[in-house]
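Visitor: The sequence and its predicted three-dimensional model are supplied below.
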Number of protein chains: 2
Amino acid sequence: MPLTLEDIAKISGVSRSTVSRVINGDVNVSDRTREKVQEIIRRYDFQPNLAARGLAAGVTNVIGLVIPRGVSAIFADPFFPLIIQGVTSACNAMDYSVMLWLAEPEYERRTIHKILYSGLIDGVIVTSMLLEDPIIESMAASKLPFITIGRHPTNDRISYVDVDNRQGARNAVNHLLRGHRRRIATITGPGNMIAGQERVEGYYECLRERNIPREPALVAEGDFTDAGGYYAMLQLLTAKPDAVFVASDSMAYGAMRAIQEAGLRIPHDIAVIGFDDIPQSAHVNPPLTTIRQPIHQIGATAAETLIDMIAHQNDQQRRVILPTELVIRASA
Amino acid sequence: MPLTLEDIAKISGVSRSTVSRVINGDVNVSDRTREKVQEIIRRYDFQPNLAARGLAAGVTNVIGLVIPRGVSAIFADPFFPLIIQGVTSACNAMDYSVMLWLAEPEYERRTIHKILYSGLIDGVIVTSMLLEDPIIESMAASKLPFITIGRHPTNDRISYVDVDNRQGARNAVNHLLRGHRRRIATITGPGNMIAGQERVEGYYECLRERNIPREPALVAEGDFTDAGGYYAMLQLLTAKPDAVFVASDSMAYGAMRAIQEAGLRIPHDIAVIGFDDIPQSAHVNPPLTTIRQPIHQIGATAAETLIDMIAHQNDQQRRVILPTELVIRASA
DNA sequence: AATGGAACTGGGAGCGCTCCCAGGCTGTTT
DNA sequence: AAACAGCCTGGGAGCGCTCCCAGTTCCATT
């Protein structure tokens, strides 16, 4: 049987309340008492029961991380793993724990409800990248603090952490333009994901500024997977591009395969630039030029911001935009 | 304010106890009462407070998933993501939630303690692949049900789910032998990981059966990363192998790069066979022949087995070995 | 009609914690 | 010397649930 507060109190010769004060850093404890109790806690490796604390105080030091439906396929991409890692390591450092939900469609409604009203968590991070996501609405309806990774397209009162997708895309296209490419194609993300949409917009903006006319045959939609990039590129090849901006590194790998199988050289015939800079990108052939987004840090920042929101119970909106960075390798 | 049991009781005109019985499927409730209460619960979307249940009953319907230190680098590999996915989807289906800990070295001791004695979880899955892992000892010392993914080398009383690594390796090497390869090299996992060790043993066994002498220059150690495979292969090339069995697909990608950069062809000059069959392996050039392990299913089986252990509180040991499968593509 | 047992229901106690209030102790002020 | 204002400390109440025990109701038997 694990020890309880009461046990520690008895052993240290003080009351339950005082032990609780020591644990929670209350100032109204004499130094002598505090040290004595802390010593006992340390000696017995005492760990307060978080369920009981949750019940009594309504605070559990646990946050939820929700990755919504439809990402199963994408899960092979290191994006979500890196997010998870960022979130958990920030939480570790702040003495929080993480509850993970991969919301599958069939369980979704029940899942959300459980998340919100189970009393187990103090706040939620939602990696919502979908344009129309019912989770967001339910979330906003509850009063639980929450933050999204990737900003919401219509409801701009929701706190978020995001990267500057548009500027990142612009940097990518500008890099291609500086390399004297003029027939620049793009492979976009699926139409229902915000990040993907912003990246296309950045692409269009850049072309407009240079007075390069849009050409529909130079735009193809992918699904953030390798295979999706491959087929999108096959399609684009018929339009004879001299460069392609791909909205994710995974898709870029597929695109590169398609290009090479067509007997064309990268970057000589077609320059390729990706988006993400996942670890693998330094090791493909040729090494991929790409827009780095600090994925790990996005996760960590989301966790830190959420915990701060929990601590200061004002529902003021937080917005954090992290910068991207052009990483030049050999493919463009 | 969320509703409580008492609220539901008042609304349905029964007692708190009866509502509790309905929720927990107790038989001693008349059908009429049950239906009435269930209707109210449904109408109000009532979700019992799990923290309170945890306190009162010592059961939370939450399990912990612990991925120990040292895997940060490996996290780019889809292995752990797929495990996580398997675990969470099995849990979703059984109405359990998952608490995720990536135990970082500096927090490890405190983390373990929190996991074990927080009262928040009913059991733990540990993806221990390290030979000497202090987590396992602490785990065994507590009476919390737990199961490891990958079997423990010395303590064979611990429940586990694993794949038949040795047989998988044998199938790989036999496939190379059938292709008339005779100078078969291998890139192993890091020496302190069980799975890696078993794969080398399978490799040695096969050679011994064919009376092919061991040649130390044909064995190089990798670290389950792409880069590690690359450097290991560079080393092996000096021994002029005609095939290589690589203990993970990620390392195989690196090895293939090293081979191709040396101007050799795959599989003509050197056949390459991997281990894992992660999604990417169908898309590398040439497509990778490999030993598939059902990673998603490993996670799901671990969760199901653990939940079964929790339900039937006997501490009988469970052992599950899942089969591997040879997937022949173009690289060998 | 009386009895027994099974089926169902209600309420008290208690899980381990936090929060609040009351009270004891100290030291300063009048 | 009395009064008061801090500090500190202890214990009661209660968070929302489960578990147990003590009813109450109902029906089949004798």
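Guide: Arrived safely, thanks for sending. Computed from a prediction, not measured in an experiment: that's the story for all the values here. Numbers count the residues shown, from 1 in each chain, chains lettered A, B, ... in the order given.
Visitor: List the contacts of A:P241.
Guide: A:183-185, A:218, A:270 (Cβ atoms under 8 Å, 6 or more residues apart in numbering or on different chains). Where C-beta positions appear, they are placed from N, C-alpha and C, glycine not excepted.
Visitor: next one: A:I273
Guide: By Cβ under 8 Å, 6+ apart, the residues touching A:I273 are A:172, A:175-176, A:243-246, A:252, A:288-291, A:331-332.
Visitor: Recalculate using a threshold of 6 Å.
Guide: A:172, A:245, A:289, A:332 (Cβ atoms under 6 Å, 6 or more residues apart in numbering or on different chains).
Visitor: Skip the chain neighbours and tell me the closest residue to the third one.
Guide: What it means is A:T289. The shortest distance from A:T289 to any non-neighbouring residue, by Cβ to Cβ, 6 or more residues apart in numbering or on different chains, is to A:A332 (4.1 Å).
Visitor: sorry, back to before: between all of the contacts of A:P241, which two are separated the most?
Guide: Spatial extent of the contacts of A:P241 (Cβ to Cβ) is set by the pair A:L218 and A:I270 at 11.8 Å.
Visitor: Which residues does whichever strand or helix holds A:I112 contact?
Guide: Following DSSP states H and E, one finds A:I112 within helix A:108-117. The contact list for helix A:108-117, computed with Cβ under 6 Å, 6+ apart, reads A:64, A:101, A:103, A:135, A:138, A:142, A:144, B:2, B:45, B:47.
Visitor: Which of the contacts of A:I273 fall within strands?
Guide: A:245, A:289 (DSSP state E).
Visitor: circling back to that earlier point, so A:L218 and A:I270 - more neighbours on which side?
Guide: A:I270 (27 against 20; other Cβ atoms under 10 Å in any protein chain shown).
Visitor: thinking that one is in contact with A:Q260, fair?
Guide: No - using Cβ atoms under 6 Å, A:I270 is not in contact with A:Q260; the gap is 9.7 Å.
Visitor: And the contacts of helix A:108-117, which two are furthest apart?
Guide: Maximum distance among those (Cβ to Cβ): 20.0 Å, for A:A103 and B:P2.
Visitor: Look up the closest residue to whichever residue of the stretch 201-332 of chain A sits closest to DNA strand C, ignoring the ones flanking it.
Guide: At 12.1 Å from DNA strand C, A:Q313 is the closest residue in the stretch 201-332 of chain A, using Cβ to the nearest atom of the strand. Nearest non-adjacent residue to A:Q313, counting by Cβ to Cβ, 6+ apart: A:P145, 7.8 Å away.
Visitor: coming back round to it: now the contacts of helix A:108-117 in CSV, please, with extra columns for pLDDT.
Guide: Listed next are the contacts of helix A:108-117 as CSV, based on pLDDT from 0 to 100:
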residue, pLDDT
A:G64, 94
A:W101, 90
A:A103, 79
A:I135, 78
A:S138, 80
A:S142, 81
A:L144, 88
B:P2, 81
B:D45, 87
B:Q47, 89
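Visitor: neighbours around the residue of the stretch 201-332 of chain A found nearest chain B, how many?
Guide: Ranking the residues of the stretch 201-332 of chain A by distance to chain B (Cβ to the nearest Cβ) places A:P279 first, at 4.3 Å. Other residues near A:P279 come to 18 when the count uses other Cβ under 10 Å.
Visitor: Kindly report the same for the one 4 residues further on.
Guide: Using other Cβ under 10 Å as the criterion, A:H283 is surrounded by 17 other residues.
Visitor: Now do the nearest residue to it once chain neighbours are set aside against B:R257, distance only.
Guide: Nearest in space to A:H283, with sequence neighbours left out and distances taken as Cβ to Cβ, 6+ apart, is B:D226 at 5.0 Å. Counting by Cβ to Cβ, to the nearest Å, the separation of B:D226 from B:R257 is 8 Å.
Visitor: Pick out whichever of these two has more residues nearby.
Guide: Taking B:D226 and B:R257 together and counting by other Cβ under 10 Å, B:D226 has the greater number of neighbours (25 against 20).
Visitor: Give me the pLDDT for A:D276.
Guide: pLDDT, A:D276: 94.
Visitor: In this structure it contacts A:S250, no?
Guide: No - in this structure A:D276 lies outside contact range of A:S250 using Cβ under 6 Å: 7.6 Å.
Visitor: neighbour count winner among these two?
Guide: A:S250 (31 against 27).
Visitor: Would you mind confirming that the more buried one is in contact with A:P78?
Guide: No - A:S250 is beyond contact range of A:P78, at 8.7 Å (criterion: Cβ under 6 Å).
Visitor: Flag the shaky bits of chain A, pLDDT-wise.
Guide: Counting by pLDDT under 70, chain A shows low-confidence ranges at A:69-76, A:106-109, A:128-132.
Visitor: I'd like the domain boundaries of it, if you could list them.
Guide: Here the domain parsing of chain A from automatic domain parsing is A:5-48, A:62-163+A:296-322, A:165-292.
Visitor: ok, the residue nearest to A:Q313 touching A:I307?
Guide: No - judged on Cβ under 6 Å, A:P145 makes no contact with A:I307 at a distance of 9.1 Å.
Visitor: Which one of those two is surrounded by more residues?
Guide: Neighbours around A:P145 and A:I307, counted as other Cβ under 10 Å, are more numerous at A:P145. The numbers are 25 against 20.
Visitor: residues contacting that one?
Guide: A:123, A:309-310.
Visitor: what does A:G229 give?
Guide: With the criterion set at Cβ under 6 Å, 6+ apart, A:G229 makes contact with A:187, A:222, A:251, A:254-255.
Visitor: And for A:V87?
Guide: Counted by Cβ under 6 Å, 6+ apart, A:V87 has contacts A:65, A:299, A:303.
Visitor: Now do the closest residue to A:L176 other than its chain neighbours: how many residues are near it, please.
Guide: Nearest non-adjacent residue to A:L176, counting by Cβ to Cβ, 6+ apart: A:A243, 4.4 Å away. Neighbours of A:A243 under the rule other Cβ under 10 Å: 26.
Visitor: what pairs with A:A243 across the strands?
Guide: A:I184, A:A271 (DSSP bridges).
Visitor: got the residues of the stretch 151-300 of chain A near chain B?
Guide: Within the stretch 151-300 of chain A, the positions near chain B by Cβ under 6 Å from any Cβ of the partner chain are A:226, A:279, A:283.
Visitor: Switch those over to a markdown table; also include secondary structure and distance to B:R214.
Guide: Listed next are those as a markdown table, based on DSSP: H, G, I helix; E, B strand; the rest coil; distance: Cβ to Cβ, whole Å:
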| residue | secondary structure | distance to B:R214 |
| --- | --- | --- |
| A:D226 | helix | 38 |
| A:P279 | helix | 34 |
| A:H283 | coil | 30 |
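Visitor: Around the residue lying closest to A:V284 once chain neighbours are set aside, count how many other residues there are.
Guide: Nearest non-adjacent residue to A:V284, counting by Cβ to Cβ, 6+ apart: A:Y253, 5.9 Å away. By other Cβ under 10 Å, the residues close to A:Y253 number 26.
Visitor: what about A:Y253, helix or strand, and which?
Guide: Counting by DSSP H and E, A:Y253 is part of helix A:249-261.
Visitor: for that helix, packing partners?
Guide: helix A:226-237, strand A:271-276 (3 or more Cβ pairs under 6 Å, 6 or more residues apart in numbering or on different chains; DSSP states H and E).
Visitor: Give the buried residues for that helix.
Guide: Neighbour counts over helix A:249-261 (16 or more other Cβ atoms under 10 Å in any protein chain shown) mark A:249-260 as buried.
Visitor: What ranges does the stretch 51-200 of chain A have for its helices?
Guide: A:79-93, A:108-117, A:134-141, A:165-178, A:194-209 (DSSP state H, counting those that start in this stretch).
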